[in-house]
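>>> Model the structure of this input:
(chains A and B)
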Amino acid sequence: MLQDFRSPFDATVVKLLKKAGAQISGKTNCDEFGMGSLNIHSLHGPVINPFRVDSRRAAGGSSGGSSAAVAAGLCDAALGTDTGGSIRLPASYCGVVGLKPSYGLVSRYGVVSYADSLDTVGVLAQDVERVEKVFECINKRDCNDPTSVDERLREKAHLLATKSIQRWSGESLKGLRIGIPQEYFPSELTSSSYHILASIRHLLSQLHSLGASIVPVSLPSTAYALSAYYVIASAEGSSCLSRYDGIQYGLRVPPSPESNFTSTSRTYSPSRSQGFGREVRKRILLGTYALSADAFDNYFLQAQRVRKMVRDDFDHVFSIPNVLYSKLSFEEKDANDHGEDGVDILIHPSAIRTAPRLDDVLDVSCDRDTLQDYVQDVLTVPASLSGLPAMSVPMRPDAGLNQPRDNQQSDENWPIGVSIVGQWGTDELVLKVGRVIERLSRR
Amino acid sequence: MSRWLVDGWQVVIGIETHVQIKSSQKLFSRALTSALNHPPNTRYNAFDAAFPGTLPRLNRKCLDLALRAALALDCSVNQRSSFDRKHYFYSDQPAGYQITQHYSPFAVNGRFTSANIGFPIRIKQIQLEQDTAKSITDTRTRTALIDLNRAGTGLLEIVTEPDFRTSEQAAEYVRSLQELLRALGVSDGNMEAGSLRCDVNVSINRPGEPPGTRCEVKNINSVKFMVAAIEYEIRRQQSILETPGPTQRVSQETRRFDPDSWRTIKMRSKEDAPDYRYMPDPNLGVLVFSEKHIEAVRRTMPPLPASTRLRLLRTYSSSGVTENNIDVLMNLDAVRDITYDGATDSAIGAVAYFELCAEGRDPKSVMNWIIHNFLGQLSALGKPFSSEYITVAQMGQLLDLIITKQMTRPSAKLLLKQMLVSPSDLAVKQLAENMDLLSLADEHSTRSSGDDDSLRDVCKRSIEALPAEIAAIRAGKEKAINKVIGWIMRQTKGKADVDRAKDILKELLHQ
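Numbering: from 1, shown residues only, chains lettered A, B, ... in the order given. Purely as a prediction, here's the structure:
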């Protein structure tokens, strides 16, 4: 649809980077309109994971191109958009750092909208330091983005994050409370990807030995999050993509001469049918249905209720309050009842598996269970629904395993990531813990 | 209300008005709003054209004007309201959806009272929404031309309850609403220019029975057409329901008014009505109106026409100013172009002009002068009312010259015409002197006695010039003096003081 389209204006984040002296070296491949978890739904072909090119495995998506570019050393850092895990999943598959900031911190002005309430601009790089540097440059309020959070709230969250960091800075992590959400270790993980479990166990014991408290927590609504996410994302996606009709810009396929010119749908549908890929068409149809009068209450509204439940789950386990919703003042929150029991951040595996083989996922025959593609997002969507900062940092794949790293075809050698999730606005806390984990993973 | 029945049918009418907000920028984009004379596709930006990556940016000035309308219509303002997307594909909707307030409009439960309707009209709700682009179809070439100038302009949709019972009431409502909106600075409310558009819902029922099926007539752009559309609908529905045989039903339809055939034509039926898939707009969140904000707007609102009318009557009717006089001035103000964003106008209106001129003078004379002479001259010159041609100060000087009899009325009229045709900064008295329009003074003024002499001279000459008339006067025919006075006035080019001339004549004739 936008193959030959050149935007007349720069996105705010691009302007900020250019102003700070960054060199924009190119644009990367992605799943069309951000719809996909494997970067296989693209006019330019699938992205091949650079970890071992011959293996022909997926890079993850939708920001697979950015993740691969960074992993292959083609650039220092790359921007991506994360709607349901589109930065964190490819970061995990390619073995790089991928940050999805808190929703509302980085301007979305200039970002081609997929789902306005979920889209978040984020950063990929080979280490946390570089991610942090780029993030600092683009983490600015923008009046052109109505969802850009004001200075007052950013400052409030910043103070809370600082308070938490001050409790444990230095070599020792004493005072840092790390929550392990039990719902993020689904059966798929423990059976087929036990090495991921082993790695994360190893990491947690390292953190524990440095003085951090490892606290099991529960986020009961997690099971419903994936469905709610896809209803909301598809619904908003169908809305945001209504503008692509080929009239003001974009692909225009004229209707056949015999067709009824007075019907708008006859005029628009050739452009839209041809201009959108299969995955995009699928999501638009599903999203349109979810918003239809018949389905609205049962699907869209219900999904919004689940979304609120997911957000509440997080607010219950964090010791830091959510400044966007909390009515309590800063001082009152100190005496909060679960301040003692709450955790500062959460840690969980970024994905339930390593990068899949492209041959397996590109099979378009009816035999393939495409539902599995969507299940990959199960660990990443809750943070998206709640707008929380989340970063995937690579773990050592063989950490905790007793076997040597000799079988190149084995899934066990492929990159895996661990996700760090913080309360809204505490991105610096997430980044700081990320640095610690990065250091530990390199030992 | 049996007096409003049409052939035994009760008519039920509801009106939805779309009013363009007179803001300099659009509702969610910073592009400038447009007027009819702007060339197509010159007043829009990337957001209005729905380019990828653009986001809405709420224009706060539209909110203030929206609040003025809500308060003037006696509505409850919802402190929290929200925006929704109304999805449909059409060439005048670049984004494929309109941002409107479906689930939660910002103002509800108002009331509009107009003396000419006689009972209050309930306002169901007022909502903020975007206007569409303009689509012009050329059936010959089978192409549609799109003009984005209008796309995204702020609209107020004002929805009434179906309280109207006659087309006259509906027409009166629209006219009064136009006057109100202009007085508030909210909108030009000009139907021909498209800044005010109406949809009417009409149904008929037998008195005592529940309301009938309503049909909607969309996009009516003149009061005349609205009345015609309502009348046509009444007859059309009547003929369906009065068809002999098994009971026919009026089907629920959306229709449009065709000015060429003077009737309504079906656009679509209820079954074809689209599902708009309303979805809360995730970019815009909750619209909050604080008590403070509402009070601030209430305090700084311009006065409503009804209260202005009352105040003028109370202040000036004792001096003889009539309701008619007041209406003339208020009607002038009602058609004035208003400023953008509710800013105070640097030019003043007819009512303000009158009031300033009337300060320290007899209001009735000032009113008469303004209406009969000033407005009359403007109309002869083809100029609309404006306070900028002759300032209040200048007009005041002119009025004072008349009051102190330094100038006769006929002279003043000439001077007024001159001032309009070639405006000048000179003091009015100086101007009058230059044009030799000042009166021939009488012996009581401080002017040189030479002037009185000249008047005397003219009177003496008149006696010689008109022997027949003089003889008639001497014979007792009092009226004949008017002919002589007329001759004197012509001689003096209207500068003679009539009363003084009469006195001098009588004096001369009795010598």
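>>> in the stretch 51-200 of chain A, what residue is nearest chain B?
Using C-beta to the nearest C-beta, the closest approach of the stretch 51-200 of chain A to chain B is made by residue A:117 at 3.7 Å. Just so you know, the C-beta spots here come from the backbone N, C-alpha and C atoms, and that holds for glycine as well.
>>> Find the nearest non-adjacent residue to that residue, please.
residue B:282 (3.7 Å; C-beta to C-beta, 6 or more residues apart in numbering or on different chains).
>>> Distance of the one you found relative to residue B:81?
According to C-beta to C-beta, to the nearest Å, residue B:282 stands 16 Å off from residue B:81.
>>> Same question for residue A:268.
Distance of residue A:268 to residue B:81, given as C-beta to C-beta: 32 Å.
>>> Compare neighbour counts for the two and give me the winner.
residue A:268 (22 against 19; other C-beta atoms under 10 Å in any protein chain shown).
>>> helix or strand for the more buried one, which one?
Following DSSP states H and E, one finds residue A:268 within helix A:264-275.
>>> does any part of whatever helix or strand comes next after that helix sit near chain B?
Sequence-wise, the next helix or strand downstream of helix A:264-275 (DSSP H and E) is helix A:278-291. Yes. Helix A:278-291 comes into contact with chain B (C-beta under 8 Å from any C-beta of the partner chain), by way of A:288, A:291.
>>> could you say what helices and strands helix A:278-291 packs with?
Other elements packing on helix A:278-291 under the criterion 3 or more C-beta pairs under 8 Å, 6 or more residues apart in numbering or on different chains; DSSP states H and E are helix A:222-240.
>>> Could you list the alpha-carbon positions for the helix it packs on in PDB?
Extracted in PDB, the C-alpha atoms of helix A:222-240 (Å, rounded to 0.1, in the frame of the first residue of the first chain):
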ATOM      1  CA  THR A 222      -2.300 -13.200  32.500                       C
ATOM      2  CA  ALA A 223      -4.300 -16.100  30.900                       C
ATOM      3  CA  TYR A 224      -6.800 -13.700  29.400                       C
ATOM      4  CA  ALA A 225      -4.300 -11.100  28.300                       C
ATOM      5  CA  LEU A 226      -3.400 -12.600  24.900                       C
ATOM      6  CA  SER A 227      -7.000 -12.800  23.700                       C
ATOM      7  CA  ALA A 228      -7.800  -9.300  25.000                       C
ATOM      8  CA  TYR A 229      -4.700  -8.000  23.200                       C
ATOM      9  CA  TYR A 230      -5.600  -9.400  19.900                       C
ATOM     10  CA  VAL A 231      -9.200  -8.100  20.000                       C
ATOM     11  CA  ILE A 232      -8.100  -4.600  21.000                       C
ATOM     12  CA  ALA A 233      -5.100  -4.500  18.600                       C
ATOM     13  CA  SER A 234      -7.200  -5.800  15.600                       C
ATOM     14  CA  ALA A 235     -10.100  -3.500  16.400                       C
ATOM     15  CA  GLU A 236      -7.800  -0.400  16.600                       C
ATOM     16  CA  GLY A 237      -5.800  -1.700  13.600                       C
ATOM     17  CA  SER A 238      -9.000  -1.900  11.500                       C
ATOM     18  CA  SER A 239      -9.700   1.700  12.500                       C
ATOM     19  CA  CYS A 240      -6.200   3.100  11.900                       C
END
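>>> Check the model's average confidence along it for me.
For helix A:222-240, mean pLDDT is 96.
>>> quick one: that helix to helix A:278-291, angle?
100 degrees (axes from the mean of the first three to the mean of the last three C-alpha atoms, to 10 degrees).
>>> so what secondary structure elements neighbour helix A:222-240?
helix A:278-291, helix A:302-317, helix A:371-375, helix A:381-386, strand B:279-280.
>>> could these go into a markdown table alongside mean pLDDT?
Formatted as a markdown table, the helices and strands packed on helix A:222-240 follow (pLDDT from 0 to 100):
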| stretch | mean pLDDT |
| --- | --- |
| helix A:278-291 | 95 |
| helix A:302-317 | 96 |
| helix A:371-375 | 76 |
| helix A:381-386 | 97 |
| strand B:279-280 | 96 |
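>>> OK, contacts around residue B:29?
Applying C-beta atoms under 8 Å, 6 or more residues apart in numbering or on different chains to residue B:29 gives the contacts B:44-45, B:47-48, B:54, B:56-57, B:152.
>>> Of all the residues in the stretch 251-400 of chain A, which one is nearest chain B?
Closest point on the stretch 251-400 of chain A to chain B, by C-beta to the nearest C-beta, is residue A:291, at 3.9 Å.
>>> what about the closest residue to that residue other than its chain neighbours, which SS state?
If the residues on either side of it in the chain are set aside, residue A:291 comes closest to residue B:277, at 3.9 Å by C-beta to C-beta, 6+ apart. Following DSSP: H, G, I helix; E, B strand; the rest coil, residue B:277 is assigned to coil.
>>> Now do residue B:277 against residue A:288, distance only.
On the measure of C-beta to C-beta, residue B:277 and residue A:288 end up 7 Å apart.
>>> if we can go back for a sec, residue B:97 is in contact with the residue of the stretch 251-400 of chain A closest to chain B, correct?
No. Using C-beta atoms under 8 Å, residue A:291 makes no contact with residue B:97, being 10.5 Å away.
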